[in-house]
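[1] Kindly return the folded structure for what I paste below:
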Amino acid sequence: MESFFARASDMTNDFSFFARASNVTKDFVTPSIEETRKDRYASSVGGWNGAKWDISDLYKTKWYAYVSPQNPRPRNVQGYNRNLKMASAAQDLLLGKIVGILENEASSIAGVRDKVEDIKQELVSMKAFLKDADGKKAQTEGEEAWVTSVRDSVYDVEDIIDEFTYRIYEQKHGVRFARSLHQTFHIPKNLWYKRQIAKKLDKIKGTIKAISEMNQKWIGHGVVPALEGTSSSHDHIQKWMRDQAEASLFTNEDDLVGIESPKKVLMEHLVNGQQGQAIVSVFGMGGSGKTTLVAKIFNNDIVKRHFDCYWVVVSQNYVIEDLFRSLIKQFHEAKKEKIPGEINGMSYRGLVEILVDYLNSKRYLVVLDDVWDTNVWAQIRVSLQDKQLGSRVVLTTRKNDVAKFAFGVVSFVYDIQPLGKDNTWELFSKKAFSTHPNKSCPPELEPIARELVGKCNGLPLAIVAMSGLMSSKESCSEWSNVCNSLNWHLTNDPALGYMKAILLVSFNDLSYRLKHCFLYCSLFPEDYLMKRKRLIRLWIAEGFIEHVRGVTPEVTADRYLSELCYRSMLQVVERNEEGRPKQCRMHDVMREIALSISEKEKFCAVYDGKDEGIEARRLSIQSEGEIKSSAGMSQLRSILVFVKETTLPSDCKYLRVLDLQNVSITNLPDYLGYLFNLRYLNLRETRIKELPKSIAKLRNLQTLNILGSEIEELPKGIAKLLNLRHLMMYLYTGDHLAYRCVKGTRVPVDVSKLNNLQVLAGVEAEEDTIRQVGCLTQLVRIGITNVKKSDEMILCDSIQKLQLLRHLSLMASDEEEILQTNAIRSPPPQLQAERIQCTWCT
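    Down below sits the predicted model:
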């Protein structure tokens, strides 16, 4: 939930209003008691008695502090704290923001506290409902329509809040309607604001009241079933997946491709090796063929002769006693004995005793299929005791952290790889062209078929599903239609339903915040290599990252990314020297599924040149041309552009993200300075030569990236961006063979005011600048160019003040300069590498 409070400092002396936007910063100033007393007389007419809220330490203390002239010492306001806890428990991002705004801004306005409390309680309930609905999933069209109406209403409420904040901004900066209204009619500021707030709150209350009435009218009277029963749908999917897993035991090996090499590797680890117990983990994303591979090994004659073999499907929701019963039943079935009926009523202890006694003298192979957490091993290992007979346990999992868990015995992890191009084509042809001569593709279909196969990226589940769908298509037009509208077919075609269901299991297992982060990745084009740092900064700007006490948002976001990679939701393409993901990508099929979810929930949309109205909160522009204005444009919170030439939509005053990397623009939009909500501005590799002075108005900006642009100097107003956390700069000199192939950017001296800066990359060295760098004590990464020998002492003195610094990049003024940095008496303890080089990666 977001937590920055941007002051509307010139507000009326009748009340104090704080517009909520991103992370708590030192820019927030709590009104003093003396200032509060000055307001006492003016506000007493409204019966408020000059009360003000002290919320600067909202996330550091247990209670809100209520401060008034009569009671200068804070006292607990337990009702508000209880509701904050309720909101935090639900973890819905949209409603989290709205509840916080209403709670901390509007509640201090005379005469509306009761209204705010009512609205807040309704919003908390809506928030809990959405999270509950998200976890259970609607079964019927009625349920789905109801959930959609609640979600749409939440978006509407967010728009009202942001619109009001924007009006406050307009009034503060004297623009358009608000200023002219006061000048013409001479309406007192406090009266005008009160009327505006009252109107907005009434509108919010009316919206929520309508939703509540719909709830009573439709769900309450049984027209739309309540969501409590929807877990049966999840159970049905789980049972279907268990059945499919066990069906793998009977798959004809002739129908499989690319299995021999991994089969040989795993057989070696099972049959040979030490006498002690060992665990073999087979890891891969859903549909990668883990279960099929292990099933072929399980049924191998050599394995059958070497082990007593048992197979258990675990899945997400398991009961340990049921797993024990499954093993015991297999014991009796192997002996062709009748399964005793009493095992269904046996206790945990009784079941364990049977298992331990039976396996006491056996060399067993137990397959635990579809494992989602490490607790399974902790619970089941008591029954699988190690008698030094060479027993093995094989588990399949979609989660890397489960596969690499320290089980306490010798273990081996096999990371199953996608099928190669030849094997992919062979498998597809076997299924799609089974009725054709030699099961070969007709020449006229081959270009389209190969394009469609390419979208499967070697994922066996996708290949089999696609080939099944296409086996009934004969004409080129039918094939082209599927290839060009894969998203639609994933959503609507029953032939792809089981593939989508299997892949959605991984998505549905994500936390609410991780779902948002994953869906956000679908904004990037197909096969796009997403850089870790870019993703992290975007997620922070969007407010997806949970506030964790004592941990920076960057560290938390980094954990989110690692979690998505561990779960195979994202594929790691490159890792850095520390082993963390450096670049990753989305599987094409997973991306299509993410897009279908995003469009349905109005989370995001991709503009591909089609003249369709935009009804999403985030827009990815992937086709050149002018985007026609529509009603949905004013609701946009993010715009990411992935083409060279485009015309940006106008009237996007609520933008949080504007990513124009590699776009051939020379000037920024005139309305940039009015994007009061903007957190992230990426101008990397653009042709912009100068930042407008109005950038100083972007007080909520957290990331500014001008790497590779033509900007040589930052305006003085940059020092007003007190929330800035990441500032990346430098420009190319044009001479790639020269020592100084890049040039830093000059910054104003008072850059030292940017106390929240985590990254400062590509700053041009000047004596005053180097000295001021020592004041930026939150820096973890810095890059300085044009460093001279005469700067050494000042530089070393500044660097040793940066106790959080982990990466230092220096570039000398010319190749004759020799920089000595050993004058740093006490280097930052976390400094991993002191690098003197020409370029650096940010």
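
[2] give me the low-pLDDT residue ranges for the stretch 401-550 of the chain?
    Under the criterion pLDDT under 70, no range of the stretch 401-550 of the chain is flagged.

[3] Could you pull out the strands in it for me?
    Remark: strands assigned in the stretch 401-550 of the chain by DSSP state E, counting those that start in this stretch are 410-415, 530-531.

[4] same question, the stretch 651-800 of the chain
    Using DSSP E, counting those that start in this stretch, the strands of the stretch 651-800 of the chain run over 657-659, 680-682, 703-705, 726-728, 731-732, 742-743, 759-764, 781-787.

[5] before we move on, the earlier item: for the strands of the stretch 401-550 of the chain, which one sits closest to Ser620?
    In terms of Cβ to Cβ, the element of the strands of the stretch 401-550 of the chain nearest to Ser620 is strand 530-531, at 12.4 Å. In short, each C-beta sits where N, CA and C put it, glycine included.

[6] ok, and what's touching that closest one?
    521, 524, 570, 582-586 (Cβ atoms under 8 Å, 6 or more residues apart in numbering).

[7] can we see that at 6 Å?
    Identification of contacts with strand 530-531 by Cβ atoms under 6 Å, 6 or more residues apart in numbering yields 524, 583-584.

[8] ok, the residues you listed vs Arg513, which is closest?
    Comparing the contacts of strand 530-531 against Arg513 with Cβ to Cβ places Cys584 closest, at 17.8 Å.

[9] CA-only coordinates of the helix or strand harbouring the closest one, as CSV, when you get a sec.
    Counting by DSSP states H and E, the element that carries Cys584 is strand 581-585. C-alpha atoms of strand 581-585 as CSV (Å, rounded to 0.1, in the frame of the first residue of the first chain):
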residue,chain,number,x,y,z
PRO,A,581,18.5,-12.4,-12.5
LYS,A,582,19.9,-9.7,-14.8
GLN,A,583,17.6,-10.3,-17.7
CYS,A,584,14.5,-12.3,-18.0
ARG,A,585,11.6,-13.0,-20.4
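
[10] Confirm Trp803 sits in a helix?
    I think there's a mix-up here, since residue 803 is Gln and not Trp. No - Gln803 is assigned coil when assessed by DSSP: H, G, I helix; E, B strand; the rest coil, not a helix.

[11] Now for it: which residues touch it?
    For Gln803, the contact set (Cβ under 6 Å, 6+ apart) comprises Pro828.

[12] what's the pLDDT at it?
    On pLDDT, Gln803 comes in at 89.

[13] Would you work out how far apart the start and end of stretch 768-777 are?
    Counting by Cα to Cα, to the nearest Å, you get 16 Å between the two ends of stretch 768-777.

[14] tell me which residues of it are tucked away?
    Neighbour-count burial for stretch 768-777, counted by 16 or more other Cβ atoms under 10 Å, picks out 769-776.

[15] So which residues make contact with it?
    Here stretch 768-777 makes contact (Cβ under 6 Å, 6+ apart) with 749, 752, 757, 791, 794-795, 798, 801.

[16] same question for that stretch, mean pLDDT?
    Stretch 768-777 carries an average pLDDT of 88.

[17] The stretch 501-650 of the chain: helices as residue ranges?
    Applying DSSP state H, counting those that start in this stretch to the stretch 501-650 of the chain gives helices spanning 512-521, 532-542, 553-566, 588-600.

[18] closest to Glu690 out of the ones you listed?
    helix 532-542 (23.2 Å).

[19] Tell me what angle the closest one forms with strand 581-585.
    80 degrees (axes from the mean of the first three to the mean of the last three Cα atoms, to 10 degrees).

[20] Helix 532-542 packs against which elements?
    Judged by 3 or more Cβ pairs under 6 Å, 6 or more residues apart in numbering; DSSP states H and E, helix 532-542 is in contact with helix 553-566.

[21] tell me what the helix it packs on is packed against?
    On a contact count with 3+ Cβ pairs under 6 Å, 6+ apart, helix 553-566 meets helix 532-542.

[22] again, only this time at 10 Å
    Contacts defined by 3 or more Cβ pairs under 10 Å, 6 or more residues apart in numbering; DSSP states H and E place helix 553-566 against helix 400-403, helix 512-521, helix 532-542, strand 571-575, strand 581-585.

[23] Helix, strand, or coil at Val282?
    Following three-state DSSP, Val282 is assigned to strand.

[24] residues in contact with Leu561?
    Taking Cβ atoms under 10 Å, 6 or more residues apart in numbering, we find Leu561 in contact with 514, 517, 521, 530, 532-533, 535-536, 539, 570, 572, 580-581, 584.

[25] Quick check on the residues you listed: which are buried?
    Here, 16+ other Cβ under 10 Å leaves 514, 517, 521, 530, 532-533, 535-536, 539, 570, 572, 581, 584 buried among these.

[26] Quick check: Leu365 touching Leu389?
    No - contact status for Leu365 versus Leu389: not in contact, 11.3 Å apart, counting by Cβ atoms under 10 Å.

[27] Mind checking which of those two has more residues around it?
    Applying other Cβ atoms under 10 Å to Leu365 and Leu389 shows that Leu365 carries more neighbours, namely 23 against 15.

[28] Please report how far that one lies from Phe307.
    Applying Cβ to Cβ, to the nearest Å, the value for Leu365 to Phe307 is 4 Å.

[29] Next: Arg825.
    Applying Cβ to Cβ, the value for Arg825 to Phe307 is 64 Å.

[30] So those two - more neighbours on which side?
    Set Arg825 next to Phe307 and count neighbours by other Cβ under 10 Å: Phe307 wins out with 20 against 8.

[31] Please state the backbone phi and psi of that one?
    phi -130, psi 160 (degrees, to the nearest 10).

[32] ditto for Pro748
    Dihedral angles (degrees, to the nearest 10) for Pro748: phi -70, psi 160.

[33] shared neighbours of Leu365 and Leu389, which are they?
    Common neighbours of Leu365 and Leu389 (Cβ under 10 Å, 6+ apart) are Phe307.

[34] now the strand holding Cys584 against helix 553-566, angle please.
    Strand 581-585 runs at 50 degrees relative to helix 553-566, counting by the same axes, to 10 degrees.

[35] For the remainder of this discussion, apply numbering that starts at 179.
    Fine by me, first position is 179 from now on; the one you just mentioned is strand 759-763.

[36] what about strand 759-763, average pLDDT?
    Averaging pLDDT along strand 759-763 yields 93.

[37] Next, the residues that contact it from outside, please.
    635, 699, 702, 704-713, 736, 739-740, 742-744, 747-754, 769, 1019.

[38] Name only those of these that count as buried.
    Among the contacts of strand 759-763, those classed as buried by 16+ other Cβ under 10 Å are 635, 699, 702, 706, 708-713, 736, 739-740, 742-744, 747-750, 769.

[39] Looking at the contacts of stretch 946-955, spot the one nearest Thr963.
    Nearest member of the contacts of stretch 946-955 to Thr963, counting by Cβ to Cβ, is Asp969, at 11.4 Å.

[40] The closest one reaches Ser991, doesn't it?
    Yes - proximity of Asp969 to Ser991 meets the contact threshold set by Cβ under 10 Å, at 8.9 Å.
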